[in-house]
Each structure stands twice: as structure tokens, then as C-alpha cells.
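Novice: sequence and predicted structure are below.
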Amino acid sequence: MRTVDPAKHEAKRRAILDAAAGCFAMKGFEKTTTAEICRAAGISTGSLFHYFPNKRAVFVGIFEQDADETAALLAAARGIEDPWEAILHVIAHVSEQLLHPVAAKLVLEVAAQCSRDAELAELVQGNDRGLRDGLVGIVKRAVEAGRIDPGLEPKVAASWLVALVDAPLSRVILEPDLDPTAELAVMKELITRFLRPVLPIQPPDDGEVSDTGEISPGRSGSPGHQ
């Protein structure tokens, strides 16, 4: 009996999903055929069905892979000592999807499919909840460490972070001529201004305002805002 190498099996599965994502983005789920997925992935039909029983399983697999990648990303972020850097780490990696040429079209296609596939809708919504819930703990740690606005409620802040990350992708969908890199830069600036303490008109009595607009805590501890 031939032994299956788990690492090679997983790498091949990921390659199929990446190829299929491009097909689904360009032609949609309904019009994409398994033969087209096989051509894009450089495999035979028999090989495809070795990894996935049908076309729907391939489509679902794309978002199952997304959930796995998000979980790994959050786990890595929890290991970063500075919670502010941990937040930036998560935001930067999640935002990379905006720069992928098929991202916007794939988002539109999954939205269409979710409207008639409850199981897929639950998976996609679960991915969103997983990212949000993972960010809650990191945001709470950042608040406690005085690295972001202490007046923020972690769960609310995490929800808005997810919304802000999604916003540039929505703009690129509506305005295809926009520069994704420029939109991403604006989004990151908005997130920084949202999370960081507000710059007061006058420096606090017990602290100093740095060139970056951050308040260095003095004797009383955490930075505040007006």
C-alpha cells in the first residue's frame, strides 16, 4: 500500500483551492466546471475527486481554508508581546486579501451563493465571528496595557476593526479603478486614529505629547483623552 505524505497531500489540496478560487472569481460558481478547475490546477479529473467529492466541496474548501488560516494568524498574534503590534500584525495579514486580484470578485460570488446555501452562509459568518472574537482578546490586552484608547470597549472595537478591514474591499468592488494599495493605506491610518488615544489640545500636566501624537503617561499612569 502506498503511503500518503500528509505535507504533500495538504500542499496539493491548497494548490487546487487556489486555482479554483481564480476560476470561481472569473466565471462564478455555476458556470465554472470541474474540467476548468483541473486545467487551472494542472491535474486530472480523477485527481480532483481524490481530494474533493464535487465542485461544491471545492468551493466550501476555500472558506474552510480561510478559517484555518485566520485561526493560525490569531494564534501567532497572541504570542506577540506588545498587543499594539499584535493588532497591527492581524490587520496587515487580513488586509492582504485586498491586494489579491481575485479577492473582490470572489467576495461577490460567495455573497450570491450564501443567499441560497445556508450551510455555506454559516461557514462564512463563522469565519467573520472567529476573526472578531480573536481580536477581542488582543484589544482587551492592549487597553489594559495602555497601548490604545482606554475608553474603548473591546468587543465593540473588535467589531469595528473587522468592518474597517472589509471597507476597502467593498470600495474596490464598487470602483474597480481604485488603487487597492492606496485604499489599504487609508484604512490603516483610520484604524490607527480609531484605536490610539486622542491628541489633546494641551499636553496633560503629568505627561508629554510625542511627535507621533501619542501621550507619554506621567505619574498618573494611563493616557487619557478629551
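Specialist: Thanks, I have it. Given the structure is predicted, the values throughout are model-derived calculations rather than measurements. Numbers count the residues shown, from 1 in each chain.
Novice: which ones are touching the most centrally placed residue in the chain?
Specialist: For the chain, the residue nearest the mean C-alpha position is residue 94 (2.9 Å; C-alpha atoms, centre = their mean). Residue 94 makes contact with 70, 73, 131, 165, according to C-beta atoms under 8 Å, 6 or more residues apart in numbering. Where C-beta positions appear, they are placed from N, C-alpha and C, glycine not excepted.
Novice: can you select the buried ones from those in ChimeraX?
Specialist: Of the contacts of residue 94, the buried ones can be selected in ChimeraX as follows, counting by 16 or more other C-beta atoms under 10 Å:
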select :70,73,131,165
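Novice: which residue in the contacts of residue 94 has the weakest pLDDT?
Specialist: Least confident entry in the contacts of residue 94, by pLDDT: residue 165, with 90.
Novice: helix or strand: which one has the residue nearest to the centre of the chain?
Specialist: helix 83-95 (DSSP states H and E).
Novice: leaving out chain neighbours, which residue sits closest to residue 76?
Specialist: Once flanking residues are discounted, residue 76 sits nearest to residue 89: 7.2 Å by C-beta to C-beta, 6 or more residues apart in numbering.
Novice: and that neighbour, how many neighbours?
Specialist: Other residues lying near residue 89 total 18 when counted by other C-beta atoms under 10 Å.
Novice: and it, how far from residue 143?
Specialist: Here the distance between residue 89 and residue 143 works out to 17 Å (C-beta to C-beta, to the nearest Å).
Novice: same check, this time on residue 30
Specialist: 46 Å.
Novice: and whichever helix or strand comes after the helix holding residue 94, which residues are buried?
Specialist: Remark: after helix 83-95, the chain's next helix or strand is helix 103-114, criterion DSSP H and E. The neighbour-count check on helix 103-114 (16+ other C-beta under 10 Å) flags 103-107, 109-110, 113-114 as buried.
Novice: between the residues you listed, which is closest to residue 79?
Specialist: Nearest to residue 79 among those: residue 103, at 27.1 Å, using C-beta to C-beta.
Novice: contacts only, for the residue nearest to residue 164 when sequence neighbours are not counted.
Specialist: Distances taken as C-beta to C-beta, 6+ apart place residue 191 nearest to residue 164, at 5.4 Å, with adjacent residues excluded. By C-beta under 8 Å, 6+ apart, residue 191 lies in contact with 91, 161, 164-165.
Novice: just residue 108 next, same as before
Specialist: Residue 108 sits in contact with residue 173, where contact means C-beta under 8 Å, 6+ apart.
Novice: just the strands in this structure please.
Specialist: Per DSSP state E, the chain carries strands over the ranges 208-209, 215-216.
Novice: could you give the mean pLDDT of the first one?
Specialist: For strand 208-209, the mean per-residue pLDDT is 48.
Novice: same check, this time on the last one
Specialist: Here the mean pLDDT over strand 215-216 is 40, rounded to a whole number.
Novice: would you format the contacts of residue 191 as a markdown table with distance to residue 185 included?
Specialist: A markdown table is the format used below for these (distance: C-beta to C-beta, whole Å):
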| residue | distance to residue 185 |
| --- | --- |
| 91 | 12 |
| 161 | 17 |
| 164 | 13 |
| 165 | 13 |
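Novice: all helices of this structure, in order?
Specialist: Taking DSSP state H as the criterion, the chain contains helices spanning 6-31, 34-41, 45-51, 55-78, 83-95, 103-114, 118-144, 154-174, 180-195.
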